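1. structure of the sequence below:
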Amino acid sequence: MLTIRRAEQRGSANHGWLDTRHTFSFADYYDANHMGFRALRVINEDRVAPGKGFGTHGHRDMEIISYVLEGGLTHRDSMGNGSVIRPGEVQRMSAGTGVRHSEHNASQEQPVHFLQIWIVPSQRNLAPSYEQRAFAEAERAGSLRLVVDPDGRDGALRINADARLYATSLDVGASVEHELSAGRHAWIQVARGVIEVDGQTLKAGDGAATSDAGRLVLSAIEPAEVLVFDLA
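-> Numbers count the residues shown, from 1 in each chain. Modelled structure (predicted):
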């Protein structure tokens with residue numbers, strides 16, 4: 001059985017330079033019924049205006065993933081990392097004992113659209129670390145590409161949590177399957193397009209949770225980009 005979190009049910013805020021949607025409680029948006037799912041604590045869908053962004057600020061004891069859908073996101077942090085994250089690239093930053101970073105739209109003309117994801121780590125007070133990697137469209141097209149994994153399998157980014165993240169791009173009529181093992185839990189987040197899962201239609205911004213072991217089949221009704229989290 002799927003528990004669906006519709007896009008329009010999310011928290012929202014528009015700061016002019018930032019238009020954001022919160023799947024779970026975040027900042028000034030509080031909902032006691034939506035504090036996260038398992039170790040998955042935050043899924044924010046952010047659109048940042050040209051030339052704008054988040055000034056330098058701190059985090060600790062959180063695994064932070066950035067997944068860019070459109071545009072470019074400039075990242076700089078206190079570990080000395082500096083990069084631009086673009087569509088097809090995934091960034092993972094382990095805040096650990098503490099890290100400071102900033103994120104800005106890399107363009108002065110076009111907005112940047114991305115998902116910011118937080119996952120609670122399995123251990124606290126780890127050394128901060130950072131990874132960024134590109135995953136070719138061909139790897140994600142019509143298949144679930146593992147992009148984040150505790151052991152870094154198959155070239156995935158390594159995360160300090162019992163969580164795996166898969167990404168897929170689907171053409172109309174295409175399907176992918178994920179086998180959810182007993183005792184595991186899945187969260188499906190539709191980044192773009194429309195899919196069908198277990199007889200339910202999910203559109204961009206929708207999320208869905210299940211703890212039922214077995215096969216999850218995701219079928220595209222419209223061209224779609226989807227993230228699937230497999231969680232302890």
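2. state the mean pLDDT of the longest strand along the chain.
-> Longest strand of the chain, by residue count under DSSP state E: strand 214-231. Confidence for strand 214-231, expressed as mean pLDDT, is 98.
3. chain center to that strand: distance?
-> 14 Å (C-alpha atoms, centre = their mean, to the nearest Å).
4. next, the buried residues of that strand.
-> Judged by neighbour count using 16 or more other C-beta atoms under 10 Å, the buried positions of strand 214-231 are 216, 218, 219, 220, 224, 225, 226, 227, 228, 229, 230, 231. All C-beta spots, glycine's among them, are computed from the backbone N, C-alpha and C.
5. hang on, residue 190 packs against residue 201?
-> No - using C-beta atoms under 8 Å as the test, residue 190 is too far from residue 201 to be in contact (9.9 Å).
6. okay, the two: which has more neighbours?
-> Counted by other C-beta atoms under 10 Å, residue 190 and residue 201 do not tie: residue 190 has more neighbours, with 22 against 12.
7. and the more buried one, how far from residue 4?
-> 11 Å (C-beta to C-beta, to the nearest Å).
8. same check on residue 108?
-> Residue 108 is 38 Å from residue 4, where distance means C-beta to C-beta.
9. more neighbours, these two?
-> residue 4 (15 against 8).
10. helices or strands next to the strand or helix carrying that one in the packing?
-> According to DSSP states H and E, residue 4 maps onto strand 3-5. Applying 3 or more C-beta pairs under 8 Å, 6 or more residues apart in numbering; DSSP states H and E, we find strand 3-5 packed against strand 207-210.
11. parallel or antiparallel, list what pairs with the strand it packs on.
-> Strand 207-210 has the following strand partners under DSSP bridges: strand 3-5 (antiparallel), strand 185-197 (antiparallel).
12. okay, the ones you listed, which one's buried deepest?
-> strand 185-197 (a mean of 21; mean count of other C-beta atoms under 10 Å).
13. the next helix or strand after it pairs with which strands, and in what direction?
-> With elements assigned by DSSP H and E, the helix or strand that comes after strand 185-197 is strand 200-203. For strand 200-203, the paired strands and their directions (DSSP bridges) are strand 185-197 (antiparallel).
14. mind listing the helices for the protein?
-> Listed from the start of the chain, the chain has helices (DSSP state H) covering 137-140.
15. what residue lies at the spatial centre of it?
-> Nearest to the mean C-alpha position of the chain, counting by C-alpha atoms, centre = their mean, stands residue 117 at 4.4 Å.
16. name the nearest residue to it, sequence neighbours excluded.
-> Excluding the flanking residues, the one nearest residue 117 by C-beta to C-beta, 6 or more residues apart in numbering is residue 65, at 4.1 Å.
17. so what's the nearest residue to residue 94 once chain neighbours are set aside up against?
-> Nearest residue to residue 94, sequence neighbours excluded (C-beta to C-beta, 6+ apart): residue 129, at 4.7 Å. Neighbour list for residue 129: 79, 93, 94, 96 [criterion: C-beta atoms under 8 Å, 6 or more residues apart in numbering].
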